[in-house]
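> after the sequence you'll find the predicted model.
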Amino acid sequence: MHFPFRWSRDRGGWRVATLVVLGALGASCAESTKPAAGPPARLAIVAQPDSGVAGAPLAPSLSVVVQDSQGRTVNTNLTVLVTIAAGTGIFGAHLRGVTAVDATDGTATFSTLSIDSAGSGYVLTAAASGVASASTASLSVAAGPPTALRLIGQPSGTTGASLAPGPKAVVCDSVGNRVSTVGPTAVTVALKAGSDSSGAVLRGTTVQTTSGGVATFPDLSLNLAGWGYVLVATAPGLTAGLSAPFSVRLAATMVSTGFGHTCIVAVGGAAYCWGDGSAGQLGTGSLAPTYWPSAVAGGLVFASVSAGGYHTCGLTTSGAAYCWGDNSSGQLGDSTLTSRSVPVPVSGGLKFTSLSAGSATTCGIATDGSAHCWGDGSYSQLGNGMGGYPTLYVPAPVAVNGGLTFTAIRTYVDRVCGIATGGAAYCWGMLGVTLNLTPTPAPVAVPGGFTFSALGDGDIGAPLCGVTTANEARCWGYNLTFVLQGWNDTSSVPRLMAGLPAATAVSAGGFQACAISATGAAYCWGQDFSGNLGDGGPSSSSSGSAVAVAGGLTLSSISTARWHTCALTPPGIVYCWGMNASGQLGTPVAAYGNSGANVPQKVLLF
């Protein structure tokens, strides 16, 4: 390039040269005269993140510029906010890191952004005040390496039934995403130590192998009811996963009432009792009362229980007999007169199909159909040809005389009755058809020629009741409590009860009797000292004919004791009514007294 010089003389006579660059300067100015950027109008994505790993910073970092309407970068410090539109993430995506950045010279760079949920179709949107937003193309995020287990599905249920929904153990990365690419992994589920103080056992298949990072446990159950259960899932090399606390409620298969206590067998075979425990009859290892179902100690699996006066007996699913509570008359059958607060096996090794605990006597039917009794025989109610005064206690099973075989048996205060093969009813002890206190030490047939399908429970002063094969509720014996529908009106022949439709079950307590109709409706009659009739009437009333129990419940079985009655609905829920002085209704009482309920009350834990 040629740069011309112009020479000139200054005042001192010297010549100086002046560089003439007008042409060059003119060209440079022409090149730098671009239009200035206008006001901010929109955002633009200039760096788009690729697919990433959940929880890790997205790369490359998202970069956003502020532009005018012509796409020129605007030198501004607008605050840019980035949000995420959910894609197909399993647990719901969250955008982590610094999501609000001030633009520097018109550019905002987000170097710490991450997405915590593995999935696809995620779109990031950048927005700022007063300008149009911009969005990325969709991107995918993969799960990180497996680090932990996560239990999903909040379980709940009833005793012995599978927890629903069935818990699922998910193999997860560090931020909780399922790692579907992990190979088959054996996962074990157990009860978390310390989450249960009742000795519950988790049953079912507790070890499952993952498929696609998930192990499903469809058949888990707990044998005992309670609150605050927590499951823990474990696998080698992974942090354990915990469920949220959950509860298991009771579902009963049968119910039996004693003088001041009540017992059930829950689905799964655990026995529960509540009410008066002064003689150990609750089987909890304590003599204290309880006002809600408490598990019988020992972990035995029962098919049935029978609540007596101050003792209880149960039959395991293998046919073994166990008893607990008062043993002052040998009614526990363990060859001692020592009372027990936990179940003890009945001596002799017999296997039984049925057990019935009375006031201080217990009887059962062995697998060959023969009847055996033990305990108080002072009224010849052991049926072994002995008894009468003075009092006779036999603390181990003895065979009932007569060579009969039985299908059902009921033990009362001073007598025992059974249904013999073929349906005829037989009784022994104080038969109760007169008041002359003459005991009968061997079975005698109940007059009338009726055939029976069921016999009811009973108590002192009450007649005997049963259901015939024609579905008739009939009662007989002495009648000190108006249950025969006539005051002090004894009957040696089973009398048809008035006011009842066809019946499927009947039970006579100390002061009332109750029956279940073929439709499942409950009816009671007799004296109503503490709401015994369950019809909502005054506690001082009585009824010589059957009255409907309030509430419209549909019942499958019923058990009536001296002052209270409990019944079972087909779903396995227990309702009780009558006296609650010892908490035998399964609802709290403030103090011992004649408190009770004159309509059915659902027992706690159901």
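Received the coordinates, thanks.
> in the stretch 401-550 of the chain, which spans are strands?
406-411, 415-420, 425-429, 440-445, 452-455, 464-468, 473-477, 491-496, 503-508, 512-517, 522-527, 542-548 (DSSP state E, counting those that start in this stretch).
> looking at the ones you listed, which is closest to residue 570?
Residue 570 sits nearest to strand 512-517 of all the strands of the stretch 401-550 of the chain, at 11.3 Å, using CB to CB. To be clear about C-beta, it is placed using only N, CA and C from the backbone, and glycine gets the same treatment.
> partner strands of that closest one and their direction?
According to DSSP bridges, strand 512-517 forms sheet pairs with strand 503-508 (antiparallel), strand 522-527 (antiparallel).
> just put those in TSV and tack on distance to residue 490, mean neighbour count and mean pLDDT.
Conversion of the strands paired with strand 512-517 to TSV gives the following (distance: least, CB to CB, whole Å; neighbours: other CB atoms under 10 Å; pLDDT from 0 to 100):
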stretch	distance to residue 490	mean neighbour count	mean pLDDT
strand 503-508	14	26	93
strand 522-527	15	26	89
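> nearest to residue 584 among those strands would be which one?
Set against residue 584 and scored by CB to CB, the strands paired with strand 512-517 come closest in strand 503-508, at 14.9 Å.
> contacting residues for the most centrally placed residue in the chain?
When the chain is reduced to its mean C-alpha position, the closest residue under CA atoms, centre = their mean turns out to be residue 248, at 1.8 Å. Taking CB atoms under 8 Å, 6 or more residues apart in numbering, we find residue 248 in contact with 156-159, 163, 200, 222, 224-226, 229.
> from residue 417, how far out is it?
38 Å (CB to CB, to the nearest Å).
> with residue 161 instead?
Distance of residue 161 to residue 417, given as CB to CB: 35 Å.
> more neighbours: the two, which one.
The neighbour count for residue 161 versus residue 417, taken as other CB atoms under 10 Å, is higher for residue 417 (30 against 17).
> show the model's pLDDT score for the more buried one.
Model confidence at residue 417, given as pLDDT, is 94.
> can you show me the helices along the stretch 351-500 of the chain?
Secondary structure of the stretch 351-500 of the chain by DSSP state H, counting those that start in this stretch: no helices are present.
> now swap in the chain and tell me
Taking DSSP state H as the criterion, the chain carries its helices at 22-31.
> list the buried residues in the strand ranked longest in it.
Across the chain, the longest stretch assigned as strand under DSSP state E is strand 119-127. Across strand 119-127, burial judged by 16 or more other CB atoms under 10 Å covers 119, 122, 124, 126-127.
> pull out the buried residues from stretch 318-327.
For stretch 318-327, burial by neighbour count (16+ other CB under 10 Å) applies to 320-327.
> from those residues, which two are the most distant?
320 and 326 (20.9 Å).
> Throw the strands of the stretch 401-550 of the chain into TSV and include distance to residue 303, thanks.
Formatted as TSV, the strands of the stretch 401-550 of the chain follow (distance: least, CB to CB, whole Å):
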stretch	distance to residue 303
strand 406-411	15
strand 415-420	19
strand 425-429	24
strand 440-445	25
strand 452-455	17
strand 464-468	21
strand 473-477	26
strand 491-496	29
strand 503-508	18
strand 512-517	21
strand 522-527	25
strand 542-548	31
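> the nearest residue to residue 126 once chain neighbours are set aside: neighbour count?
Nearest non-adjacent residue to residue 126, counting by CB to CB, 6 or more residues apart in numbering: residue 64, 4.5 Å away. The burial count assigned to residue 64 is 27, neighbours taken as other CB under 10 Å.
> got it, and residue 71?
As a burial measure, residue 71 scores 11 neighbours (other CB under 10 Å).
> so what's the nearest residue to it once chain neighbours are set aside up against?
Distances taken as CB to CB, 6+ apart place residue 44 nearest to residue 71, at 7.4 Å, with adjacent residues excluded. The contact partners of residue 44, taken as CB under 8 Å, 6+ apart, are 64-65, 67, 71, 134.
> quick one: residues contacting the residue nearest to residue 344 when sequence neighbours are not counted.
With CB to CB, 6+ apart as the criterion, residue 344 has its nearest non-adjacent residue at 4.7 Å, and that residue is residue 334. Contact analysis of residue 334 by CB under 8 Å, 6+ apart lists 323, 327, 340, 344-347, 395-396.
> which two in the residues you listed are spaced the farthest apart?
Within these, 340 and 396 form the most distant pair, 14.7 Å apart (CB to CB).
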